[in-house]
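Asks: quick one, fold the following:
(chains A, B, C and D)
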Number of protein chains: 2
Amino acid sequence: MDILFKPFIDHFSTNQKLSENTIAEICNHLSVLDLDKKYVLIKENQRHDFAYFVIKGAVRSYYLKDGVEVNTWFALENDMVGSLHNFKGNPSRETIELIENSTLISINLKQVKPLMFSNIQIANFINAIIEDYALFLEDKIYFSQMMSSIDKYLILLDKEPQIFQRIPLTYIASFLGISRETLSRLRAK
Amino acid sequence: MDILFKPFIDHFSTNQKLSENTIAEICNHLSVLDLDKKYVLIKENQRHDFAYFVIKGAVRSYYLKDGVEVNTWFALENDMVGSLHNFKGNPSRETIELIENSTLISINLKQVKPLMFSNIQIANFINAIIEDYALFLEDKIYFSQMMSSIDKYLILLDKEPQIFQRIPLTYIASFLGISRETLSRLRAK
DNA sequence: GAATTCATTTGACAAATGTCACAAAATCAT
DNA sequence: ATGATTTTGTGACATTTGTCAAATGAATTC
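Replies: Down below sits the predicted model:
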């Protein structure tokens, strides 16, 4: 096994021990990618059924609204990148682009998914990924729906301070759902 | 098997055939509930690890912000009710309350979940539920993040017209993230 | 079916945020 | 280093939306 795969495998097998065979079978469908800043992983409106795991780097996701980029989230180290909506065969609602030169693992979901009906360990491995993803989505909704812009800003500053070092405020403002001028004024306080 | 369980079992076993034994094993942890309007299924800040499936009726979810109810969604027939956040042992962020007299199936997740490590059909059954839930969350985020209030209103009117028959506009307004006065003015056009 | 409660609409005003324009600061590329 | 580009900050003004108050309409209860 490529040593770079380990964090990904470990991250999603905390509730069961995977056999050597299962690990090998999963790794057959993984590859390591080294890509430069500004590289576009997934284009809006295109079909795509890979998922990614960030080993090192930063990724952003955005869509165009009346010609303006609206950022929807950022992924850093140990975060997953991808969407079930895409995996189900629908054209992507977002563009996913690297903000830094990054090392990623790509996962060929189309090949791995069918294995879950014959290998119970793989079923539970995939389950861990999707469960983690659903929890992430729940938090994202909680964050976006239940908090004011100022609260969101303060919590982001508290919980993910690296974001502010690595990601331009323009992107963060549109992620928070406010104009960059308003964010700038919030920060002035 | 109680005949009322069938829609729930069928809804989440479209990608595999469940054996009689597996179905029986799942049904052991289901019950049918008949409850009246205004009954509170889950209280904000309390722990709770049941999930529900709506056979007939309507359910809303809300939280209190500065003493005001903010509605976060509505479930009708064939929708699931519950959250992974709660299931992971955290106190609920929302209150879940019936809007109509309803018939629900309750699922004892705490008892069913461990079976997924020994029964691959149950693993894939649970997977179908969580996958469905994650897709629902993705759509919810897309809806709330990528659309203006007017678009949200029009899409809701187009895709879920029953909502407007069955759920008060006050609730819908707070779900859309606008005041009921603003919704009323939007509708005037 | 009358009374009471709840839901919806409308108006007047205030507050928050967006938009546009431009300046300052930081970063990047050669 | 230096010029060019990108990012961030600030002011003036317009627009949107919220808030408060009151009236109308609908639904529920006794």
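
Asks: and stretch A:2-17, end to end?
Replies: 19 Å (Cα to Cα, to the nearest Å).

Asks: can the longest helix along chain A be said to contact DNA strand D?
Replies: The single longest helix within chain A, with elements called by DSSP state H, is helix A:120-146. No: Helix A:120-146 does not reach DNA strand D (Cβ under 7 Å from any atom of the strand); its nearest approach is 13.0 Å. Glycine gets a C-beta too; all of them are placed from N, C-alpha and C.

Asks: so how far is that helix from its chain's centroid?
Replies: Between the centre of helix A:120-146 and the centre of its chain there are 11 Å (Cα atoms, centre = their mean, to the nearest Å).

Asks: and the contacts of the helix or strand just after it?
Replies: As assigned by DSSP states H and E, the chain's next helix or strand after helix A:120-146 is helix A:149-159. Applying Cβ atoms under 8 Å, 6 or more residues apart in numbering or on different chains, the contact partners of helix A:149-159 are A:143-144, A:147, A:163-164, A:172, A:176-178, A:182-183, A:186-187.

Asks: leaving out the residues flanking it, which one is nearest to the residue nearest to the spatial centre of chain A?
Replies: Centroid-nearest residue in chain A, with Cα atoms, centre = their mean: residue A:81, separated by 2.8 Å. In this structure, residue A:81 finds its nearest non-sequential neighbour in residue A:52, 4.1 Å apart by Cβ to Cβ, 6 or more residues apart in numbering or on different chains.

Asks: before we move on, which element is the residue nearest to residue A:80 when sequence neighbours are not counted in?
Replies: Once flanking residues are discounted, residue A:80 sits nearest to residue A:53: 5.7 Å by Cβ to Cβ, 6+ apart. Taking DSSP H and E as the criterion, residue A:53 maps to strand A:50-56.

Asks: check residue A:103 too.
Replies: Going by DSSP H and E, residue A:103 is in strand A:102-108.

Asks: partners of that strand, with directions?
Replies: strand A:30-35 (antiparallel), strand A:50-56 (antiparallel) (DSSP bridges).

Asks: need those strands in JSON lines with mean neighbour count, mean pLDDT and distance to residue B:73, can you?
Replies: Listed next are these as JSON lines, based on neighbours: other Cβ atoms under 10 Å in any protein chain shown; pLDDT from 0 to 100; distance: least, Cβ to Cβ, whole Å:
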{"stretch": "strand A:30-35", "mean neighbour count": "15", "mean pLDDT": "93", "distance to residue B:73": "36"}
{"stretch": "strand A:50-56", "mean neighbour count": "20", "mean pLDDT": "94", "distance to residue B:73": "26"}
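
Asks: quick one: closest of the ones you listed to residue B:29.
Replies: Distance to residue B:29, taken as Cβ to Cβ, is lowest for strand A:50-56 among these, at 31.2 Å.
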